[in-house]
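[1] I would like the atomic coordinates for the input below:
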Amino acid sequence: MTSGIGATVLGYPRIGPRRELKRAVERYWVGRTDQDALLATAAELRAAGWAELRDAGLDSVPSNTFSFYDHVLDTAFLVGAVPARYRRESELDSYFAAARGTDDLPPLELTKWFDTNYHYLVPEIDPGTEFRLAGDKPLAEYREARALGITTRPVVLGPVTFLLLAKGTNPLARLDDLVDVYVELLVALAAEGAPWVQLDEPAFAADRSEDELAALGRAYTRLADLHSRPKLLVTGYYGSLGPALEVLAGTAVEAIGVDLVAGPVDGIASVPALRDKTLVAGVVDGRNVWRTDLRQALATAASLLGTAEEVVLSTSSTLLHVPYDLDAETALEPGVRGRLAFARQKVREVVLLGQALRDGVDGAWADALDEPIAAPRRDDAIRSRLAGLGPHHRDRAPYAERAAAQDARLALPALPTTTIGSFPQTTEIRTARAGLRSGGLSRGEYDERMRAEIGRVIALQEDIGLDVLVHGEPERNDMVQYFAEHLDGFAVTDLGWVQSYGSRCVRPPILHGDVSRPEPITVPWSSYAQSLTDRPVKGMLTGPVTILAWSFVRDDQPLGETADQVALALRDEIADLEAAGIRVIQVDEPALRELLPLRAAEHAAYLEWSVGAFRLATAGAATDTQIHTHLCYSEFGEVIDAIDGLGADVTTIEAARSKMEVLADLRSAGFSRGVGPGVYDIHSPRVPATDEVADLVAAASRVVAGNRLWVNPDCGLKTRGYAEVEPALRNLVAATRRVRDSLA
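    As a prediction, this is how the structure comes out:
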């Protein structure tokens, strides 16, 4: 390791190249392995990751980027900010109790990490929280790597961002108490010999008040003024640091990391206090899978020479958000594959760029820097269709007219009950899907098994007493990947797994070209389900914004143009569902809030194209077709006008973990369409009691009129088991009937 930081990455995937961590923790949760075995697997994954980064040629290797569930939860345990209700005899069991809940205790609230598809657990901070250095994870992992002969740079979530992400009574008022703990941690790391520590402050890629900026300056003035500490790298990623850059530069921290993929270069040279610091220039995209234009990235970095004492190169953010290794993908079309770089390839790009910046671009580097990157696929027919769109293609009849027509057609009771879409993906379903992939099952045999599962799910819902049914989605591997596999312009991976939360991993599709729909996607399954029952069955689609948010999306054109291409494909699917007799169609947009830019100045443009894409997808529906949408993991107050602008007839919303906080937003906005605030949290294995659900339904009924209030879980049931799902839904129906009777 050099005396400075040198070429580095800000973090690395932690689930293992083959999701080894997922399997290990899930075996532990169900009692199939013990704590020692779990810890051994974790140590093996950490050791392999550090060695890989060292051997790839990085000048500085990060540590403490591993987590059993979530790095924000890790920080809460590190600083003693864990509510007493989660404490167990074993620290690991306390940790998982906070993450997943127990039979009689809900977990911490789960929400989206900035504008990514990662989820974090929300710390709870109040005046009674006793901050202390309660753990030694950064120290332990530093020692662990050192024993392997690798000197690392511990990475810790910064104190100000930690508090800004927390909920409670003015958490930021506790900053000085929390900084005391960080002081103790830095002194301990210095005693261990750690030359550098990375403190992440991504909260400052968003708009922040003067008080929050002052808190940032106060925290880092104190930390940087310590006499015995490692050198400090403070990073801000997911966008420009804005005024926070000057605040940090005004302290004695040695290095500042800036995201030059999501944030502009402009303004950096105007901060004179950077001239005695190291500027860590994030020029390799940590969030998308496209190869870096190495010449352009090098030019960007070179343009900053002279603005700081030293300029070194890194990824724009942690690589937590991209898959491990492109070399593991053998089935990708060569024209697409040649445009991609996963985590391992991005590390190589950083190393190459770092060497080229130090040594020049002549000779050995020139060929690699100039390797061509193919252009995306274009479809002139799709582009012509988009060019012919007018405002009327995004408008439906007035809501009052639609509501009357839908009430007459559907004849639903007050407080209609439903689920969000998916039912548990059982071992039998997964085995059948694997059999289809391997050739052990024919397509006909597979389809017959899926129809049998649909029949079972329909019968179960009728027995439970739900009012609007779903087919359960047994044929779908993932709510986005499934559509990507049936749309032109997408590619899917075999091993491109990315952590979403805890042990939940997804394989984001790769949207690489113009998008079109060759044939109907969901119609056969939905129409078969509807043929089994007289109750309405929802057709289930994933919305255009969510398909973009949960894919790796081409970066050569505005997102709004790509969203409209996806919306046209969905518009055609809705027309075919209607023709097949489907009366209720749900177009899920759980990621609507997720993609909202972190800076307020960019909100209007985003909301215009995202709302417009949803309306383009749904506006062709008949007046008496009821359009639903679903949203989750959001601070809904920030986008309540946009939710209204979607124009959906019914909006179901995650609400249970936040204890129905969304109701205040609905009340203040005067939301008048159908709404279903979730009444139980499906991300926890616990089964909610009937009384608990009834209380939430009653609370919602005081805000939303009974003829417009729906009762449903927070989200789809795919990740749960029937042992939890069936009693939970029976309690939901019983609670709803109790409230119906009280309202009558």
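[2] so where do the strands sit in the stretch 151-300 of the chain?
    152-157, 167-168, 196-200, 231-236, 255-259, 278-284 (DSSP state E, counting those that start in this stretch).
[3] for D624, helix, strand, or coil?
    With DSSP: H, G, I helix; E, B strand; the rest coil as the basis, D624 sits in coil.
[4] care to break this protein down by domain?
    The record's domain parsing of the chain by automatic domain parsing lists 20-369, 404-481+521-542+578-743.
[5] measure the shortest one end to end?
    From its first residue to its last, domain 404-481+521-542+578-743 covers 22 Å (C-alpha to C-alpha, to the nearest Å).
[6] can I get the strands of the stretch 151-300 of the chain in a markdown table with mean pLDDT and mean neighbour count?
    For glycine as for every other residue, the C-beta is placed from the backbone atoms N, C-alpha and C. A markdown table is the format used below for the strands of the stretch 151-300 of the chain (pLDDT from 0 to 100; neighbours: other C-beta atoms under 10 Å):
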| stretch | mean pLDDT | mean neighbour count |
| --- | --- | --- |
| strand 152-157 | 98 | 25 |
| strand 167-168 | 94 | 16 |
| strand 196-200 | 98 | 25 |
| strand 231-236 | 98 | 26 |
| strand 255-259 | 98 | 27 |
| strand 278-284 | 97 | 26 |
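[7] wait, which of those strands is closest to A605?
    Nearest of those to A605, taken as C-beta to C-beta: strand 255-259 at 19.7 Å.
[8] I'd assumed S303 was in contact with V311.
    No - V311 lies out of contact with S303 (C-beta atoms under 8 Å); the separation is 9.4 Å.
[9] ok, back up a step: the strands of the stretch 151-300 of the chain into CSV, with extra columns for distance to R673?
    Output for these, formatted as CSV (distance: least, C-beta to C-beta, whole Å):
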stretch, distance to R673
strand 152-157, 39
strand 167-168, 28
strand 196-200, 40
strand 231-236, 39
strand 255-259, 38
strand 278-284, 42
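[10] out of those, flag the one nearest I464.
    Shortest distance between I464 and the strands of the stretch 151-300 of the chain, using C-beta to C-beta, is found for strand 167-168: 33.9 Å.
[11] just how off-centre is the closest one within its chain?
    Distance, stretch centre to chain centre, for strand 167-168: 21 Å (C-alpha atoms, centre = their mean, to the nearest Å).
[12] parallel or antiparallel, which strands does that strand pair with?
    If you go by DSSP bridges, strand 167-168 pairs up with strand 124-125 (parallel).
[13] tell me which strands and helices whichever helix or strand comes after the strand it pairs with is in contact with?
    As assigned by DSSP states H and E, the chain's next helix or strand after strand 124-125 is helix 137-147. The contact analysis (3 or more C-beta pairs under 8 Å, 6 or more residues apart in numbering; DSSP states H and E) places helix 137-147 against helix 35-56, strand 61-63, helix 71-78, strand 152-157, helix 175-192.
[14] please enumerate residues in contact with helix 137-147?
    43, 46-47, 50, 61, 63-64, 66, 74, 77-78, 151-152, 154-156, 185, 188-189, 192-194, 197 (C-beta atoms under 8 Å, 6 or more residues apart in numbering).
[15] report the central residue of the protein.
    N117 (1.4 Å; C-alpha atoms, centre = their mean).
[16] how about that residue: what's its closest non-neighbour residue?
    W550 (5.5 Å; C-beta to C-beta, 6 or more residues apart in numbering).
[17] next one, pLDDT for that neighbour please.
    With respect to pLDDT, W550 has a value of 95.
[18] repeat for G496
    The model's pLDDT for G496 equals 96.
[19] SS state for the residue lying closest to it once chain neighbours are set aside?
    Of all residues not flanking G496 in the chain, P323 sits nearest, at 3.7 Å (C-beta to C-beta, 6+ apart). Assigned by three-state DSSP, the conformation of P323 is coil.
[20] verify the stated contact: P323 with V498.
    Yes - counting by C-beta under 8 Å, P323 does reach V498; the two are 5.9 Å apart.
[21] what sits in contact with each of the two?
    What both P323 and V498 touch, as defined by C-beta under 8 Å, 6+ apart, is the set 13, 507.
[22] between the domains of the chain, which one is closest to G502.
    By C-beta to C-beta (comparing all of these), the closest turns out to be domain 20-369, at 4.8 Å.
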